[in-house]
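Asks: Next comes the sequence, and after it the predicted model I'd like to discuss.
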Amino acid sequence: MTTKHFVVSLIQTLESFPVRNLYSTDNVELCAAVNGEGMTLTGRKSAFQFGWSFGSFRRLASCCALFAAVVSGQTTRMPPLTEVSREEGIPVTDPLVIAKCGSCHSRDERGNMQRISWARATPESWQSELKQMSLVNGVSLTPPEARSMVKYLSTKHGLAPEEARPVMYDAERRIYEETVIPNDNLRNTCAKCHAFARVLSWRRSPVDWKQFADSHAARYKIPPNDQAVEFLGTAAPLHTSEWEAWSARARAPNMAGRWLVTASIKGRGDYFGEMQLDRIGDDEFSTRVNLTSVKDGSSILRSGRTTLYGGYAWRGRSSGSKPANSAPDDLSSEMREVLWITPDQSTAEGRWFWGQYQEFGFDVKLRRASSDPTLLVLDRSSLKTGSRSNRIRIRGDNFPAHVTPADVDFGSGVIVRGIVSSGASEVIAEVDVDAGAQPGKRDVAFRRSVKPGAIAIYDRVDYVKVTPESALAAFGDTTHRMGYQQFDAIGYQRGPDGKLHTGDDVELGPVDVAWSMEVFYAAEGGSTDFVGKVSSTGFFTPASDSPNNNFDVWVIATARSEKDKNGKPPVGKSYLVVTVPTYTFGGRQYFRDLDRWIDDGPAPGVEKQR
């Protein structure tokens, strides 16, 4: 879903899809087993307004997805095993799972347990199941028990790495436009209340998909959708070649040691450094990371701990060595970490994120350190044709004491004139670019270490794109913190076809710009402070006093020194919707979660009126 359709989608969703809120009036204390939160799972119910902060409830709502598998027996009788699929199930062998789940999910002579043996899922999905068990069935679990069960289920009844990777954006809390949904029927059934990735985070037998769909339809009072069942039975089956291969080759995670890190964050650019992982338990590690900004050389020290689920799913938390200050984008803030580890355990990538709406985050990549020279990042992303004596800092690891121009390669049309200085983690090279060099991306190599597409050659900046191209921010109130937005202005060259905004355009990296705003339907030239302000670095802060309304805004970036083919400074725009933190419709209150609204139960005063 794009931001442009956000408000319209809200109205359409509420008018056409009578979503029932599973969590609006009753709640329980739960252990967020995946992320290490230390609450106890009990069957005690409490009114939401008395027991949950917005942040806690948002985490619960996002984990307990509306499309999460419903614990059978809540709405219909659980059928005996003789009535369910003849497809071979996955036996349950963990004594704790058997003890905690066996009263509702009977076990046959082969070790198959009802529903559980015919389903596989991500750690977040299994975690939501445990929360459902506690919320509805009153199952009591301590935090260690919950974590142990999620570990087991994510390993023996999980997804293969190849199955999990396409839906990682959901766990990473990214706003992502899903283009893989086959048709509007499936979109309306499976992706109105949550990301379609939430559905594809499960694998089930055809019979179990049908059971799930029927219980889902009964719970949320929606028509059954046989097309969705047929699609999911084919697209997300229980048994796959990926799962069979992974089950045979999976091994215990061996992540301890030194890792090289590259990271980037909007508004601040690239970082590089290293991380030390030390084992502190089964599949659990402590982390210490030291990052350096490529832009200004400032350092970040962070430490935390992580748990690896299923041998490849990194779920952790970390915080800075210094206390976080009041700035919402402070890099010392506590962050959640979600990474996908390659099956050979040599690299990992994902996101570290924080914020009221998880709007702040590092895109992170890890690789095992080795004794070979390793190129990590450059201090610039583009070079202009015909430019001379460009000094480029190459940051990396294990560079040799003596470096020659022959050790460094910037591709055709770029000549390395000399090496200005070198050290174990930095090489400064001086390069010239031929006036007739072909524009486009170049790989940069230091001996055998290659960074693909690391630098772009261009003749002019043809246009500026503001990212994200569409975005959301939110006013705050007495119970909800503001939602902020960081923008970047990225320059582009027209590409080989000579046309703007086509697939072959060349991304050049950040451009120095002046930032401004325009509020839709506001008087031209008037103040926009009643909506918010955008800083000189592209950071948008909503107005402190909420006007109790939504606003559509253009966030505008105007290049300071670059000129397009007409001699004018390129200008880019992003469409920003600044929303209220809660929304009342039809007597119910909704709050925002990423790009959707979550039913928060009856609006204040509604129950009293009844």
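Replies: Alright, I've got the coordinates. Bear in mind that the values here come from a model prediction, so they are computed numbers and not experimental data.
Asks: remind me which residues of the stretch 101-250 of the chain are low pLDDT?
Replies: Scanning the stretch 101-250 of the chain for pLDDT under 70 picks out nothing.
Asks: quick one: the helices in it?
Replies: 123-137, 143-156, 161-164, 168-171, 184-190, 196-199, 206-220, 226-235, 241-249 (DSSP state H, counting those that start in this stretch).
Asks: So which of the ones you listed is nearest residue 439?
Replies: helix 168-171 (31.4 Å; Cβ to Cβ). For every residue, glycine as well, the C-beta is placed using N, CA and C.
Asks: in the closest one, what's buried?
Replies: 168, 169, 170, 171 (16 or more other Cβ atoms under 10 Å).
Asks: Need the residues that contact that helix.
Replies: With contacts defined as Cβ atoms under 8 Å, 6 or more residues apart in numbering, helix 168-171 is touched by 122, 123, 124, 176, 195, 197, 198, 201, 338, 340, 350.
Asks: circling back to that earlier point, among the helices of the stretch 101-250 of the chain, which is the most enclosed?
Replies: helix 123-137 (a mean of 24; mean count of other Cβ atoms under 10 Å).
Asks: That one - contacts with which helices or strands?
Replies: Secondary-structure packing of helix 123-137 (3 or more Cβ pairs under 8 Å, 6 or more residues apart in numbering; DSSP states H and E): helix 54-63, helix 143-156, helix 168-171.
Asks: which regions of the stretch 501-610 of the chain sit below the pLDDT cut-off?
Replies: Residues of the stretch 501-610 of the chain that meet the cut-off, pLDDT under 70, sit at 606-610.
Asks: Show me the strands in it, by range?
Replies: Here the stretch 501-610 of the chain has its strands, by DSSP state E, counting those that start in this stretch, at 506-510, 513-519, 532-534, 539-542, 551-559, 571-579, 582-585, 588-593, 596-602.
Asks: Can you give me the domain boundaries for this structure?
Replies: Here the domain parsing of the chain from automatic domain parsing is 26-248, 257-368, 375-458, 463-579.
Asks: Residue 585: which of those is closest?
Replies: domain 463-579 (13.0 Å).
Asks: how long is the closest one from one end to the other?
Replies: The straight-line separation of the ends of domain 463-579 (Cα to Cα, to the nearest Å) is 29 Å.
Asks: which non-adjacent residue is nearest the residue nearest the centre of the chain?
Replies: For the chain, residue 172 is the residue whose C-alpha lies nearest the centre (Cα atoms, centre = their mean; 2.3 Å). Once flanking residues are discounted, residue 172 sits nearest to residue 351: 4.1 Å by Cβ to Cβ, 6 or more residues apart in numbering.
Asks: Any idea what that neighbour is bridged to?
Replies: Legend: beta-bridge partners of residue 351 under DSSP bridges are residue 338, residue 363.
Asks: contacting residues around it?
Replies: Applying Cβ under 8 Å, 6+ apart, the residues near residue 351 are 172, 173, 174, 337, 338, 339, 361, 362, 363, 364.
Asks: Redo those residues as JSON lines? Include distance to residue 565.
Replies: Output for these, formatted as JSON lines (distance: Cβ to Cβ, whole Å):
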{"residue": "172", "distance to residue 565": "39"}
{"residue": "173", "distance to residue 565": "40"}
{"residue": "174", "distance to residue 565": "35"}
{"residue": "337", "distance to residue 565": "44"}
{"residue": "338", "distance to residue 565": "43"}
{"residue": "339", "distance to residue 565": "43"}
{"residue": "361", "distance to residue 565": "36"}
{"residue": "362", "distance to residue 565": "36"}
{"residue": "363", "distance to residue 565": "33"}
{"residue": "364", "distance to residue 565": "38"}
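Asks: For ChimeraX, write the select line for the buried members of the residues you listed.
Replies: Selecting only the buried entries of those in ChimeraX, with 16+ other Cβ under 10 Å as the criterion:
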select :172,173,174,337,338,339,361,362,363,364
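Asks: between the contacts of residue 351, which is closest to residue 436?
Replies: residue 363 (34.9 Å).
Asks: Tell me who's in contact with residue 563.
Replies: Taking Cβ under 8 Å, 6+ apart as the test, what residue 563 contacts is 460, 461, 569, 570.
Asks: cool, and residue 449?
Replies: 372, 373, 374, 375, 396.
Asks: How about the third one, nearest residue that isn't a chain neighbour?
Replies: In this case it means residue 374. residue 397 (4.5 Å).
Asks: hang on, isn't the one you found packed against residue 369?
Replies: Yes. Contact status for residue 397 versus residue 369: in contact at 6.3 Å, counting by Cβ atoms under 8 Å.
Asks: So which of those two has more stuff around it?
Replies: residue 397 (21 against 17; other Cβ atoms under 10 Å).
Asks: Local confidence estimate at the more buried one?
Replies: Residue 397 is assigned a pLDDT of 97 by the prediction.
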